[in-house]
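# need a structure here:
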Amino acid sequence: MITLVIADDQPAVREGLRMRLSLESDFQIVGEARDGREALEIIPRLKPDVVIMDMEMPGMDGLAAARALKTLAPDCRVIILTIHDDETSRKQAREAGAAGFVSKHADDIVLLNAIRTLANRSSDNK
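This is a model prediction of the structure:
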């Protein structure tokens, strides 16, 4: 079972992701956060395999949260999910420590594959 946390400031996006991801028999959503700060509060306790993190959120954005997670939850893999699909955004995500980058415009199979790939990488390192 791949455990997930969804971090996005938009309730409709969190709900849509939760609904779609819950259709997958190998996924379990263990928590949700409305911003980076809330994500940093729950992720060390919940210890998810993968966090799906919006890049732009009020308060603390996904890039700042991903940077902090490198120390707080080093085994957790972060996928930055964003409306931006450009090389600058991808570079910023990599530099923040994100293990994956998926555009919100991409087909859902892209996100599903990214989650499974990163979770498998994570379990190989344990």
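
# and the most centrally placed residue in the chain, bridged to which residues?
Residue closest to the mean C-alpha point of the chain, counted by Cα atoms, centre = their mean, is Ile52 at 1.7 Å. Per DSSP bridges, the residues bridged to Ile52 are Ile6, Ile79.

# which ones are touching it?
For Ile52, the contact set (Cβ atoms under 8 Å, 6 or more residues apart in numbering) comprises 4-8, 17, 79, 81, 111, 115. C-beta coordinates here come from the backbone N, C-alpha and C atoms, glycine included.

# try Cys76
Cys76 is in contact with 43, 47-51, 69, 122, counting by Cβ under 8 Å, 6+ apart.

# do the same with Asp9
Applying Cβ under 8 Å, 6+ apart, we find Asp9 in contact with 34-35, 54, 57-58.

# which residues touch stretch 35-49?
Taking Cβ under 8 Å, 6+ apart as the rule, stretch 35-49 contacts 2-5, 7, 9, 30-31, 33, 51, 53, 57-62, 64-65, 68-69, 72-73, 75-77, 118-119, 122-123.
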